Structure formats: structure tokens, C-alpha cells
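*Asks:* coords please:
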Amino acid sequence: MRKIICFCFSFFVLFNLSFAQEAKVVSSYGMTNQDVGFDQIKAGRMKVKAARAREHLTLLNLRYDLSKRSAPDVFMSGGKPIPEGPTAKLQGISWAELDQLTPDQIKMRDLFPYKPLPFADQAEGGMLFPPMVTNLLPRLVRFDLDFDLPVHLLPDSAPAIYLTTRPDLGDVAKGRLITIDNYYEIFNGILNPKQLEGLRLLVTQFPQQQFNATEDRRTERPSLGVTCFDCHANGHTNGANHLVGDIRPQEFRHRIETPSLRGVNVQRLFGSQRALKTVEDFTEFEQRGAYFDGDHAMAAKKGVNVLDRGSQVHFMAEFLAILDFPPAPGLNIYGELDKAKVSPAALQGEALFNGKGLCFKCHPAPYYTDNSMHDLKAERFYKQEMINGMMMAHDGMIKTFPLRGIKDSPPYLHDGRCFTLEDVVEYFNLVQQLHLTIQEKSNLVAFLRVL
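*Replies:* Next comes the predicted model:
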């Protein structure tokens, strides 16, 4: 009898263990109580680093031409050459032939050149900074991941800064990256006390998921964290990317490119998909949730910085509100082209923008945004499948980003899948089924470069 009871008990335990394994679900939460130390965590990450980097680079080279090509006579406002495209590679078909296919045909033949772009290591995620940034700020180097895109496809490393309150100063940065070490000497006497304090907070390090003092950090040494301007360099962007904090499970999370903060004062929606209503809301959300992959439990462990709404958040917003778009000499007071100052190609591009291209529907002058959200339903063109750890699923509603100063902000779209303005035009030509000619595409690019 005892043997029978023991056998039954053992079977019961094994059955329940088996059932538990089968019934295991992916948790919305990260592991807050690690049972291994930093050295073990680092060793585990280093084991997979090289293989995943090769896999990701293979995908990039399959999809894109990553060679350096620059527009010969157009530059970003900080002086960097503008990358020229399109960079997307077509698979056994020309752009003209692709343009004649229906969305279903493109999907069935797997020909869409602008599928969602995975993160450098989708399963890992986190803030990832390009080498032009980490060379200046070594504290932002991660031991487990290297940045994936060439520097020539990114914005200036120290973007120009223009202020709505002092347009007479032109570029205040003058080639300098604004940090905690120099913000005061550069802006003291230009900003009011609240704005200056807001800027100080924007260049102050606060703990973040990968950059902190815990054993599961992704930096060699314990870190004080990151600053807002580590990604939004000089109030603009440096091409740093991340994964959105809103979506679970991990493979469904979108890669997110850092948007420019220029012209925040004219925007009414914040976050690519969250549709937060004020920059104050966005600032609080970033500190309380997004910095920690949207996990408030993890935030408590790693040292969330809860900002005071009435003073700190307000002061940060006061400074952000005076960040201006770069000068656009080719635009008149209505934000439209001044016919005497631009090329015929740009003028023809403007006519297309406001006509056949239907761009004005979402990007009206003068700032070229409707401050709304739109779903382009790009999933009509590709299958939902897992590629390099990311599920190629629906993008959903994405906010309309302003196009003023757009030449300064490659790569484009919310996940950076379009590396150049030429790629942007090709993408929308397909998604909107506009059937633009080669010359019309060129003219649209010429117009966008003037904005």
C-alpha cells in the first residue's frame, strides 16, 4: 500500500509540474528579484552578443544598401551632409514594376521593401546610442549591444539649437553638445531662471532600465542613469533608439526612433502611439514608466525619479517650449514656398505635396502636421511573421510628426525603417498607392529638403 501511495504521489507531482510548464505564460513584468549576480548576467549576454549582431546585420544588408551616399549640395542645419537614397533593396523587381502591383500581390510575393524594423536585439531591447554619442559620452556604452546603423544615416552629433525667444542668436550650440558640464556657461544670461533650471534637469542623469546601479544593468560600471538630452541631443535627436513601453509580449514591441523636440510648442500630441496631450504629461510618463520599459515595479527597484509637476516638470516644459525649428529661408510667412527663393523642382514638389501626393491631408502648412493620429494600414503589404525576434505585426495609430526641418532628422518613420527622404517618398508612394513618376518623386524630395 505504501508503494502505491508513493507512486500515486510521485505521479501527481510530475503531472502537476508538467501541467505547470505547459500552462506557463509570458509575464507582463520583468524579474525584479534577480537570483544571479552581475558577472553571471553579463556572461550570459556576452554569449549571445556576436551571433545576434551577425543575424541583425545580415537582415539589414538584405533589406538595405548601407553604403555612404550623400546629397551633393544640401546639408543639415549643423553642416552634416544629408544621406541620399533610396536605400531599400528590391528583390528581383524594379520600383516601376512594384508600383503596378496591388497590396495583396506585394504581400503574397513578399516584395514590400519597408517592413517594420527590428531592434538590434529584439529580445533584449533598451536604450541604444550610436558611436558618435558614446565617443563623447562613454558612460552610455553598453557591454551587450552595439549600435546597428551607420553614422552617415544619422543626424548631427551636436545639432544646432534655435530659440523662439532669441532668433537673433542663430545656432546657440555652435557645434557643442550641451551637457551638465557646459549648459550653465552657454545659456546663463539667455534663459530666464525657470528655463535654466529646466535645462539643468534635462541634462541631469536619472536611473533607467539599462543604465542604473543594479546587478541587471547593461553598463560595465554602476551608472547614475541617462539624461533626456542623451537621446534628444541639444533638444533635437541623435538617432538613439529604444523599444516602446506600451506593448507586450516582447516580440510585439516596436522599435522607436528618438523624435526631435524642435517645435514642441506647436505640437498637441506626444509619444508616437500614446497620444499624450501635453509635453508635461510626456515628461512624467518617461520618468515614471518609459525609462523602465513601462514597468513601474522595475522602476521602484532601479530608482525612479518622481518629478514634481508644479516646479520641475513645469520648468523642463518651459525650456522645451522655446526650442525652434531651424531657419527655412525658402518659406514665406505662411510656411509655404517663396517662389523667388527656391528651385523649380521644389515648387513642383510643393504642388505634388498639396495635390496628387495627398501629403497635405496629414501635414498641412505652416508646420506640416495636423496634430492627429493616423493608421496607414501598412500591414496590407506584408505577412505577420517573426523576423529576428520581432513579430511583423500592425503598426496601428501613429502620430503625425511635423515636417519642418525634416532634412535634419534621419532615419524616418516611428521605427526608422526609412533611412532617407527618398525612402520616405517611396514608402508613401506604395502605401498610399499614388503611382508617382520618377521625376515626381525627385521633386517631392526637393520640396522636403526646403522645409
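
*Asks:* Output the contacting helices and strands for the longest strand anywhere in the chain.
*Replies:* Assignment by DSSP state E gives strand 70-75 as the longest strand of the chain. On a contact count with 3 or more C-beta pairs under 8 Å, 6 or more residues apart in numbering; DSSP states H and E, strand 70-75 meets strand 81-83. For the C-beta atoms, the positions are set from N, CA and C on the backbone; glycine is no exception.

*Asks:* Sheet-wise, list the partners of the longest strand of the chain with their directions.
*Replies:* Sheet pairing of strand 70-75 (DSSP bridges) gives strand 81-83 (antiparallel).

*Asks:* Give me the contacts around the strand it pairs with.
*Replies:* 68-71, 74-76, 152-153, 407, 410, 419-421, 449 (C-beta atoms under 8 Å, 6 or more residues apart in numbering).

*Asks:* measure residue 388 to residue 265 for me?
*Replies:* Applying C-beta to C-beta, to the nearest Å, the value for residue 388 to residue 265 is 38 Å.

*Asks:* of those two, who's got more company?
*Replies:* With neighbours defined as other C-beta atoms under 10 Å, residue 388 and residue 265 compare such that residue 388 has more, 18 against 14.

*Asks:* Make sure the more buried one is actually in contact with residue 117.
*Replies:* No - applying C-beta atoms under 8 Å as the test, residue 388 and residue 117 come out as separate, 9.7 Å apart.

*Asks:* Stretch 423-436: which residues count as buried?
*Replies:* 423-431, 434, 436 (16 or more other C-beta atoms under 10 Å).

*Asks:* Ok, stretch 300-315 next?
*Replies:* For stretch 300-315, burial by neighbour count (16+ other C-beta under 10 Å) applies to 301-305, 307, 312-315.

*Asks:* mind listing the helices for this structure?
*Replies:* Counting by DSSP state H, residue ranges of the helices within the chain are 2-22, 38-63, 95-99, 103-108, 131-134, 183-187, 193-202, 228-231, 279-288, 296-302, 314-320, 344-353, 421-431, 438-450.

*Asks:* so which of those helices gets nearest residue 402?
*Replies:* helix 438-450 (12.1 Å; C-beta to C-beta).

*Asks:* and that closest one, what other elements does it pack with?
*Replies:* By 3+ C-beta pairs under 8 Å, 6+ apart, helix 438-450 packs against helix 344-353, helix 421-431.

*Asks:* can you put the ones you listed in JSON lines and add distance to residue 327?
*Replies:* Below are these laid out as JSON lines (distance: least, C-beta to C-beta, whole Å):
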{"stretch": "helix 344-353", "distance to residue 327": "16"}
{"stretch": "helix 421-431", "distance to residue 327": "19"}
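
*Asks:* Can you say which of those helices is nearest to residue 80?
*Replies:* helix 421-431 (14.3 Å).

*Asks:* now the angle from the closest one to strand 70-75?
*Replies:* 100 degrees (axes from the mean of the first three to the mean of the last three C-alpha atoms, to 10 degrees).

*Asks:* thinking again about what came up before, taking the contacts of strand 81-83, tell me the two that lie furthest apart.
*Replies:* Farthest pair in these, by C-beta to C-beta: 68 and 449, 18.3 Å.

*Asks:* quick one, which of these two is more surrounded?
*Replies:* Per other C-beta under 10 Å, whichever of residue 68 and residue 449 has more neighbours is residue 449, with 21 against 11.

*Asks:* surely residue 366 meets residue 332?
*Replies:* No - assessed by C-beta under 8 Å, residue 366 is found out of contact with residue 332, at 9.2 Å.

*Asks:* of these two, who's got more company?
*Replies:* A side-by-side neighbour count of residue 366 and residue 332, using other C-beta under 10 Å, places residue 366 first with 17 against 14.

*Asks:* which phi and psi does the more buried one have?
*Replies:* Main-chain dihedrals, residue 366, degrees, to the nearest 10: phi -90, psi -20.
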